[in-house]
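Asker: Generate a structure from the sequence data that follows.
(one chain, ligands or ions: 1)
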Amino acid sequence: MSVFAPQDLFPQLAGWVANLDDVFPGKPIKDSVWAFAQIEVGHLLSLAVLGGTSLLLNLRLIGVGLTDEPPRELHRNLAVWTWAGLIVILISGLLMGASNAERLYTSEAFTAKMIGLAAGILMTFGFTLPATRNDGVVGALPRAMAVIGLAIFLVAVWVFLQAKLANPGLWHVIVAGGLIVLFASRGLTRLIYLGVIGLMIVAQQIMTHVVIPSDAFDRLDPVNKGFAWAFALVILAFGVVQAVASGREEKGAGFFVKGMAFASVLVWVMTAAAGRWLAFA
Ligand code: HEM
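Answerer: So this is what the prediction gives:
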């Protein structure tokens, strides 16, 4: 039984939601054979723009990627695209949602996605953009925005974990986090990191394909969840080691800014994964 779907949280909206695909703009989109698909293309293109700018800006704060330019130069070129990505993703999402409202109303993944969206907006527009505009130096307000955004992000992850079939979506977040740490790490730390992650991947494959038959889902589920936690913790630990070790480098910002920049990328990955999981959960 679901607990976190919008219908459980806002039961009083049931009548309004049921009517949305009978009125403009939901009705013409639902009645058209091509409109939904075209709008979804716009949704995904704007995700590429929003996600891409977020990645470039936050990686720059971490100290990797386009490091030849100062952060404020990236901000000057990319801020307008970040805003454009957000505006188009919101408009296209609302249009698709209006034609498909009852499905979203019963979806726990949609709750996770909307909480993730709130966190993403706070972290990107309250923290990443101000931080890059000031070359990685942040005042009290962006710091507060980042901390509140991070707390909301953790709530979104927790809700996503409750959604039926949504847990696999969190592997996207773990893989994204793992890749960022791989790009950011250097020298011996990177080699040890690759070795540890490689061993864990082999161990997981042996456990889930040799030790436990690959159709014994009841037994596979807890093992995969255990590995998900283990991967998340190892990636975080190496991320912290790398951020501390590189703390005095000129190219990146301080430890707090790096950590928050890391989270600011992951929040959009989680929101997008929850978006994809609307089809299943
Ligand atoms: C007002 C905000 C939003 C609304 C109402 C919304 C609504 C929707 C709807 C209705 C779908 C189609 C689901 C389906 O029928 O399968 C969808 C798909 C999707 N959304 Fe959103 N969305 C919003 C914002 C976002 C944001 C901010 C992101 C990313 C960070 C995002 C990422 C995705 C992805 C990845 C898909 C899956 C597309 C596919 O399966 O091909 N959405 N969204």
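
Asker: And Pro71, what's its pLDDT?
Answerer: The model reports Pro71 with a pLDDT of 97.

Asker: The nearest residue to it once chain neighbours are set aside: which element?
Answerer: Setting aside the residues directly before and after it, Pro71 is nearest to Thr132 in space (Cβ to Cβ, 6 or more residues apart in numbering), at 4.1 Å. (Each C-beta comes from the backbone N, C-alpha and C, glycine too.) Secondary-structure element containing Thr132, defined by DSSP states H and E: helix 129-133.

Asker: Next, the residues that contact that helix from outside, please.
Answerer: The contact list for helix 129-133 (Cβ atoms under 8 Å, 6 or more residues apart in numbering) reads 57, 60-61, 71-72, 74-75, 79, 82, 137-139, 141-142, 253, 257, 260-261.

Asker: In helices only, show me those.
Answerer: Among the contacts of helix 129-133, the members falling in helices (DSSP state H) are 57, 60-61, 71-72, 74-75, 79, 82, 141-142, 257, 260-261.

Asker: burial count for the residue nearest to Pro71?
Answerer: 28 (other Cβ atoms under 10 Å).

Asker: can you tell me how far it sits from Leu266?
Answerer: For Thr132, the distance to Leu266 equals 17 Å [Cβ to Cβ, to the nearest Å].

Asker: cool, and Gly51?
Answerer: For Gly51 relative to Leu266 (Cβ to Cβ), the value is 11 Å.

Asker: And those two? Which one has more around it.
Answerer: Leu266 (23 against 20).

Asker: Alongside the ligand, which residues does the stretch 51-200 of the chain contribute?
Answerer: 89-90, 93-94, 96-97, 100, 104, 117 (Cβ under 6 Å from any ligand atom).

Asker: let's go with 5 Å and repeat that
Answerer: 89-90, 93, 96-97, 100, 117 (Cβ under 5 Å from any ligand atom).

Asker: Quick one: buried ones out of the residues you listed?
Answerer: 89, 93, 96-97, 100, 117 (16 or more other Cβ atoms under 10 Å).

Asker: Give me the mean pLDDT for whichever strand or helix holds Leu182.
Answerer: Secondary structure from DSSP H and E places Leu182 in helix 170-184. Throughout helix 170-184, pLDDT has a mean value of 95.

Asker: ok, then the element right after that helix?
Answerer: helix 187-206.

Asker: got the buried residues for stretch 115-125?
Answerer: So stretch 115-125, judged by 16+ other Cβ under 10 Å, has buried residues 115-125.

Asker: Closest one to Phe36 out of these, please.
Answerer: Leu117 (20.1 Å; Cβ to Cβ).

Asker: Give me the helices and strands touching the lowest-mean-pLDDT helix or strand in the chain, please.
Answerer: Every helix and strand of the chain was ranked by mean pLDDT, DSSP states H and E. The lowest is helix 217-245, at a mean of 92. In terms of contacts (3 or more Cβ pairs under 8 Å, 6 or more residues apart in numbering; DSSP states H and E), helix 217-245 is packed against helix 170-184, helix 187-206, helix 255-276.

Asker: which stretch among these comes nearest Lys27?
Answerer: Taking these one by one with Cβ to Cβ, helix 255-276 is closest: 23.1 Å.
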